[in-house]
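[1] give the three-dimensional model of this entry:
(4 chains)
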Protein chains: 2
Amino acid sequence: MADKVTIADVARVAGVSRQTVSNVLNTPEVVREETRQRVLDVVGELGYRVNRAARQMRTGRSQLIAIRIDPDRDGINGSVLDRFLHGLTDAAARSGYRILLYTADDDRSEVATFEDLLGAYEPDGFVLTGTHHRDPRASWLLDKGVPFVTFGRPWGEEAAARHPWVDVDGSAGTAVATRHLLDAGHARIGFLGWPAGSGVGDDRREGWARTLAEAGVDPTGLSRATSDAVADGEAAARDLIDSDPGVTALVCVSDSLAVGALHAARSPGLAWREDTRPELPIAVIGFDDTPVARAVGLTSLSQPLKEAAASCVTLLARILEGTETARASAASPAHVLLEPSLVVRQSA
Amino acid sequence: MADKVTIADVARVAGVSRQTVSNVLNTPEVVREETRQRVLDVVGELGYRVNRAARQMRTGRSQLIAIRIDPDRDGINGSVLDRFLHGLTDAAARSGYRILLYTADDDRSEVATFEDLLGAYEPDGFVLTGTHHRDPRASWLLDKGVPFVTFGRPWGEEAAARHPWVDVDGSAGTAVATRHLLDAGHARIGFLGWPAGSGVGDDRREGWARTLAEAGVDPTGLSRATSDAVADGEAAARDLIDSDPGVTALVCVSDSLAVGALHAARSPGLAWREDTRPELPIAVIGFDDTPVARAVGLTSLSQPLKEAAASCVTLLARILEGTETARASAASPAHVLLEPSLVVRQSA
DNA sequence: TACTTCGTCTTGAACGTTCAAACCCATGGA
DNA sequence: TCCATGGGTTTGAACGTTCAAGACGAAGTA
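    Sure, this is the predicted structure:
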């Protein structure tokens, strides 16, 4: 608290000018090696740290990356953002940035928050999560030329290539899960998903359907769609199992639905199945590897959130530090698609 | 992006000086009503927003509150911090602050991060979570006179009154849970906790023991201590139930242990109990009301995290905005103790 | 010799805000 | 008439940094 070391203090002690100290820190190549070393020594000695506010005044760069922390959410999948957030904070720190949080109840109020933040704190960029069809947030940021990366593909066709994004390949994930079940001897493998129309949900369903078809099993009639709640998952699972007695395994679009499916699979009402094929209980695989999955022994697909977060920071930093402007990079934005991995537990 | 409205722009359009605009925004009482109104109109019209960096340069206030986001942790209880974080972001925004995230692997590196942050971003204050005996972080901040609030009581005796804190009354929570079980007809109620020495754990055990004693039941021998993992909870529950066949209910220090207890309570090995008192299955109550509790139907104690977060912001803002210095407030710091509430589900 | 170039370093100005002090004018009392 | 008071406003300076321009000496070139 007591000491507030400025660049002028360093300059005085090192016997050089302010600008030379600044150069040592920002453009070391223009200063003589001997001087550079002397200045660096003094910097260490006095514990000098560049004042971001002052630097921001001059350069317009705040070294802040803003991200929204969602209100409540469904809870069960909430931990995904939590882990992503930690990864982001970590990766950002390594690149000299810090994470600034904000909340918003919907897209409209989020855009209003953009204006607020840009006017006051001037974050250098944004990370958007949970992007969807015709996302007004992305368009607004694109329009203003504010750098940003999304965690999640832009599912809308035309916008697909207008900004950098990072995503996890859901289709590859459900394919791995399905193959795992096939290898374990299951044939008629069902899918519990969300109603068609959500990019993420459709993508995950596609991986299951493709793999099943490749194995010579017709996926028709083996899929159910429902909203993302445990009870809904249980009902849908029961419905699917009842309608097709051959079903011995379920791939689910989320851990919420998978937990519901587990309830259904273990419920007394299905005891008769023990007689039919007692050696093969109904297997269930979830998606996201949430703490709930860990707690109940649910096999699930784990997203590489740490890597995803690191990629977001990398892509954003490239825009911010490269010579390219946000608009230029929008011409040919970079994409990163990561593969989820299957965490095998008791349920499959 | 295009426009960058400064205080000078507003002044020019409104036909006043910079300082008058500044006064309208910061000390409206010194400016004539008519002028005030005119300036405010122009502010709205131009969409002026005060530049935090420039203000910070002059006033030294960054309007930032820093908080650590923990690395992963046990996962099952991680959602607590997540919800707290959201509440904090929300409450902070309402008071004109924003939340800045940082990570640290241990207390030592966290203190190093303090120095980094204070030197560069100069957050106005910190919120510390997971405080413990002789916490070096609290001492460091106290020493430097940096304003902070802890979420969690300072359990160490002497330091108890040296900084403001917010906490949830764990003892009151387990008392409510125990009373709930007593009312439901249970008599011999067990407790699954952590090893003695953790303030939080001891506090929660105390509420159970007190309530049981008040009801005329001697708690001796009805308690087990173990580390916070599902498997440990299961083992401890089994041990307790085996050693005392009269036990029909368990209060647990965490949802992790409670989920383990549920496994034990429902395991086939205990089927004989059905004969003894089939009308009364073993009831289990957890702590923290995590998503896992919701998913498996576990009755649990819910912490008022939103209120806790809001209280943290209020206490911090009081230090930051009040006339009192951090050191002065350390003389008689404010405390807030909130009551958890019981969320009843199938398990009890 | 004079002119240019280059490497290294320094100086003044500026970013947008608020503080401290000064200014102006109307009012009222001596 | 003069001065003190005070509400409302303006002016200059400063916060700590980096940009743009310039200064200076050494070395190379005409």
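
[2] neighbours of whatever residue of the stretch 151-300 of chain A ends up closest to DNA strand C, just the number please.
    Closest approach of the stretch 151-300 of chain A to DNA strand C (Cβ to the nearest atom of the strand) occurs at residue A:163, with a separation of 26.7 Å. Where C-beta positions appear, they are placed from N, C-alpha and C, glycine not excepted. When neighbours are defined as other Cβ atoms under 10 Å in any protein chain shown, residue A:163 has 25 of them.

[3] would you list the phi and psi of it?
    Here the main-chain torsion angles of residue A:163 (degrees, to the nearest 10) amount to phi -150, psi 160.

[4] give me the pLDDT for residue A:332.
    Model confidence at residue A:332, given as pLDDT, is 62.

[5] low-confidence stretches in chain A?
    Under the criterion of pLDDT under 70, the regions of chain A flagged as low confidence span A:1-3, A:71-78, A:156-161, A:267-280, A:323-332.

[6] the spatially most central residue of chain A bridge partners, please.
    Among the residues of chain A, the one closest to the centroid is residue A:151, at 4.7 Å (Cα atoms, centre = their mean). On the basis of DSSP bridges, residue A:151 takes part in beta bridges with residue A:129, residue A:166.

[7] against DNA strand D, how distant is it?
    As for residue A:151, its distance to DNA strand D is 30 Å (criterion: Cβ to the nearest atom of the strand, to the nearest Å).

[8] repeat for residue A:239
    With the distance defined as Cβ to the nearest atom of the strand, residue A:239 ends up 63 Å from DNA strand D.

[9] hmm, residue A:224 and that residue touching each other?
    Yes - Residue A:239 lies in contact with residue A:224 (Cβ atoms under 8 Å); the separation is 6.3 Å.

[10] what residues are up against the closest residue to the residue of the stretch 151-300 of chain A closest to DNA strand C other than its chain neighbours?
    Take residue A:163 and drop its neighbours on the chain: the residue closest to it by Cβ to Cβ, 6 or more residues apart in numbering or on different chains is residue A:333, 5.2 Å away. Residues touching residue A:333, when contacts are defined by Cβ atoms under 8 Å, 6 or more residues apart in numbering or on different chains, comprise A:161-165.

[11] now swap in residue A:292 and tell me
    Contacts for residue A:292 were tallied using Cβ under 8 Å, 6+ apart; they are A:76, A:255, A:259, A:298, B:291-292, B:295-296.

[12] circling back to that earlier point, so residue A:239 and residue A:224 - more neighbours on which side?
    When neighbours are counted by other Cβ under 10 Å, residue A:239 and residue A:224 differ, and residue A:224 comes out ahead with 22 against 14.

[13] how many residues are close by the nearest residue to residue A:289 once chain neighbours are set aside?
    Counting by Cβ to Cβ, 6+ apart, residue A:302 is the residue found nearest to residue A:289 once chain neighbours are left out, at 3.7 Å. Other residues near residue A:302 number 17, with proximity taken as other Cβ under 10 Å.

[14] surely residue A:302 touches residue A:344?
    No - Residue A:302 is not in contact with residue A:344 according to Cβ under 8 Å; the separation is 10.6 Å.

[15] residues in the stretch 151-300 of chain A within reach of chain B, list them.
    Near chain B, the residues belonging to the stretch 151-300 of chain A are A:230, A:256, A:259, A:290-292, A:294-296 when assessed by Cβ under 8 Å from any Cβ of the partner chain.

[16] just name the closest of those residues to residue B:286, please.
    Minimum distance to residue B:286 across these is 11.0 Å, recorded for residue A:295 (Cβ to Cβ).

[17] contact partners for residue A:110?
    By Cβ under 8 Å, 6+ apart, the residues touching residue A:110 are A:68, A:104, A:137.

[18] can you list these in CSV and add secondary structure and distance to DNA strand D?
    Converted to CSV, the contacts of residue A:110 look like this (DSSP: H, G, I helix; E, B strand; the rest coil; distance: Cβ to the nearest atom of the strand, whole Å):
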residue, secondary structure, distance to DNA strand D
A:68, strand, 29
A:104, coil, 31
A:137, helix, 30
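
[19] which of those residues are buried?
    When those are checked for burial by 16 or more other Cβ atoms under 10 Å in any protein chain shown, the buried set is A:68, A:104, A:137.

[20] for residue A:116, which non-adjacent residue is closest in space?
    With Cβ to Cβ, 6+ apart as the criterion, residue A:116 has its nearest non-adjacent residue at 7.1 Å, and that residue is residue B:49.

[21] tabulate the CA atom coordinates of stretch A:167-187 in PDB.
    Included here for stretch A:167-187 are C-alpha records, laid out as PDB according to Å, rounded to 0.1, in the frame of the first residue of the first chain:
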ATOM      1  CA  ASP A 167     -16.100 -26.000 -30.000                       C
ATOM      2  CA  VAL A 168     -16.200 -29.600 -29.000                       C
ATOM      3  CA  ASP A 169     -17.200 -32.100 -31.600                       C
ATOM      4  CA  GLY A 170     -20.400 -33.500 -30.100                       C
ATOM      5  CA  SER A 171     -21.000 -35.800 -33.100                       C
ATOM      6  CA  ALA A 172     -17.600 -37.400 -32.600                       C
ATOM      7  CA  GLY A 173     -18.400 -37.800 -29.000                       C
ATOM      8  CA  THR A 174     -21.700 -39.700 -29.400                       C
ATOM      9  CA  ALA A 175     -20.000 -41.700 -32.100                       C
ATOM     10  CA  VAL A 176     -17.300 -42.900 -29.700                       C
ATOM     11  CA  ALA A 177     -20.000 -43.600 -27.100                       C
ATOM     12  CA  THR A 178     -22.100 -45.600 -29.500                       C
ATOM     13  CA  ARG A 179     -19.000 -47.600 -30.700                       C
ATOM     14  CA  HIS A 180     -18.200 -48.300 -27.100                       C
ATOM     15  CA  LEU A 181     -21.600 -49.800 -26.600                       C
ATOM     16  CA  LEU A 182     -21.500 -51.800 -29.900                       C
ATOM     17  CA  ASP A 183     -18.100 -53.200 -28.800                       C
ATOM     18  CA  ALA A 184     -19.700 -54.300 -25.500                       C
ATOM     19  CA  GLY A 185     -22.200 -56.300 -27.300                       C
ATOM     20  CA  HIS A 186     -25.100 -54.000 -27.500                       C
ATOM     21  CA  ALA A 187     -26.900 -53.800 -30.800                       C
END
